[in-house]
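>>> Generate coordinates for the sequence data below:
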Amino acid sequence: MEKSQDALVLLRQIIRATDLHDKHLSRMTGLTMPQLMTMQTLRINGPLTIGMLAKEMNLAQATVTSILDRLERKNLVRRERSNTDKRKVLACPTEQGQELLKSAPTTLQDTFIRQFDDMHDWEQSMIVAALEHVSHILGAHHIDAAPMLDIGALDRTSDNHMPEYLKPTHPPFKN
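Residues are numbered from 1 along each chain as shown. Okay, here's the model as predicted:
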């Protein structure tokens, strides 16, 4: 098998592992990976404004707002005015949200970070350089992406950030 085929198999394995883990996570918690990451960020940092949460997660405020809307509908997060500055609205996990986090499985992302951080600096640099090169080969280097292992749109509402060549060219089939 040619090395290009080996590389494609490895990329497919990574994509597939991410997809399978996302589905497992969703079955176990009823949440998407970005929703769980939002909940975890609030647990670690305590109540945050949407802007602070977006910055902490390296996501756009509009994306975080959309994620919070979904979490609020599930009664896992609530928004409340700050006691010290009434102009600020804080996102806080509810009791139900905190209970859900206690039973949530370890994410693939957490496993990756833990093992990657245990590597030597030179190993980390080699992996980052190789992935940067793959990103350029695939024309993905210009795509804005959050540092999370997830497939699909982070807010699951639109594909506005999807490259044109990946967008559907025809409307979905209807019966």
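>>> Break down the chain into its strands, ranges please.
Using DSSP state E, the strands of the chain run over 48-49, 77-81, 89-93.
>>> can you list those strands in JSON lines and add distance to Leu11?
All C-beta spots, glycine's among them, are computed from the backbone N, C-alpha and C. As requested, the strands of the chain are exported to JSON lines (distance: least, CB to CB, whole Å):
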{"stretch": "strand 48-49", "distance to Leu11": "35"}
{"stretch": "strand 77-81", "distance to Leu11": "34"}
{"stretch": "strand 89-93", "distance to Leu11": "35"}
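>>> Tell me which residues touch Leu71, please.
In this structure, Leu71 makes contact with Leu31, Gln35, Thr38, Met39, Val77, Gly97, judged by CB atoms under 8 Å, 6 or more residues apart in numbering.
>>> Can you tell me how far it is from Val89?
Note on Leu71: its distance to Val89, by CB to CB, to the nearest Å, is 14 Å.
>>> Show the pLDDT at the nearest residue to Gln124 once chain neighbours are set aside.
Spatial nearest neighbour of Gln124, chain neighbours left out: Phe116 (6.4 Å); criterion: CB to CB, 6 or more residues apart in numbering. Phe116 is assigned a pLDDT of 95 by the prediction.
>>> next one: Asn45
91.
>>> Count the residues that sit near Met37.
23 (other CB atoms under 10 Å).
>>> right, and it touches Leu108 too?
No - using CB atoms under 8 Å, Met37 makes no contact with Leu108, being 11.4 Å away.
>>> follow-up on the earlier one: quick one: which of the strands of the chain is nearest His133?
Proximity to His133 (CB to CB) singles out strand 48-49 among these, at 35.5 Å.
>>> so what does the closest one touch, helix or strand wise?
strand 89-93 (3 or more CB pairs under 8 Å, 6 or more residues apart in numbering; DSSP states H and E).
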